[in-house]
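Chemist: Sequence and computational prediction follow.
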Amino acid sequence: MSLQDKVVLITGASNGIGKATAERLYKEGARIVINYLSDAASANAMVESFGPDRAIAVQADAGNIDDLSRLVDAAVAKFGRIDTIVASAGIMPMRDVENTTEEDFAKCFDLNVKGPYFLVQKALPHMPPGSRIIFISTGICHFSMAPASYLLYAATKGAIEQMTRVMAKGLASKGIIVNAVAPGPTGTELFYKGKPETLVNAIKSWSPFNRLGEAEEIANTIKFLASGDSSWVVGQTVLVNGGAML
């Protein structure tokens, strides 16, 4: 198994794409650092399922720099190093420019941009050559018909995609590979929050398959980027959206 005994730190790992990724990479032999903010029950259940020799759950706000330092320290204390980061934690407030407050802006950029940026900074001293960094963007950044209410969220993910490109070149000398995954509409709790059924059905129609993606389908792409099979995929944003955004 290509990820056997690799140490993978996943933020936002107690639900949604993060949880699906933790379960997928665990099956490949990885050891998993499960970061969560509030859902301790889900995180602890995963540790029990994976086994305490293969997993650890760490409560931390993935948008807070002090918490990120504590998260990295806990991972290294448990497993000795970090081979892969999957920065999955995020929020998706539906805000157009007229309805965005300064608090909305700060909260969204803190978790979606500042958090991944400084998580990498804190983890780098513990990442050996061959390590992987995988950011999460969104297909909305590649969709010309994105509704105005996605503005704030799309702005944070645009920053993530630029971070991916520039950081990939900057860390290549250390032998560290950086990429991003941009899911299309995916049936997670984050996606459904605040959306009426009529909007969900309309979004399904964006794909020629007339459905939402599943978290496990995104996790499969993340598994590829975390493995040695992706050694020549560098600085890319991989769109995973069922043909909804081309």
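Modeler: Good, I have the coordinates.
Chemist: would you list every one of the helices in this protein?
Modeler: Using DSSP state H, the helices of the chain run over 16-27, 40-50, 65-79, 102-109, 115-123, 151-171, 189-192, 197-204, 215-226.
Chemist: ok, how many other residues are close to the nearest residue to R24 once chain neighbours are set aside?
Modeler: In this structure, R24 finds its nearest non-sequential neighbour in A219, 4.0 Å apart by CB to CB, 6 or more residues apart in numbering. For glycine as for every other residue, the C-beta is placed from the backbone atoms N, C-alpha and C. Applying other CB atoms under 10 Å, we find 24 residues neighbouring A219.
Chemist: Over to the one 4 residues further on?
Modeler: Using other CB under 10 Å as the criterion, K223 is surrounded by 22 other residues.
Chemist: Enumerate every residue touching it.
Modeler: L3, T21, R24, L25, E28 (CB atoms under 8 Å, 6 or more residues apart in numbering).
Chemist: thinking the first one is in contact with A30, fair?
Modeler: Yes: in this structure, L3 is within contact of A30 by CB atoms under 8 Å, at 4.3 Å.
Chemist: Between the two, which contacts overlap?
Modeler: Listed contacts common to L3 and A30 are A226; contacts here mean CB under 8 Å, 6+ apart.
Chemist: between these two, who's got more neighbours?
Modeler: More crowded of L3 and A30, by other CB under 10 Å: A30, with 28 against 22.
Chemist: Test for you: state the pLDDT assigned to that one.
Modeler: A30 is assigned 98 on the pLDDT scale.
Chemist: Ok, A55 next?
Modeler: For A55, pLDDT reads 98.
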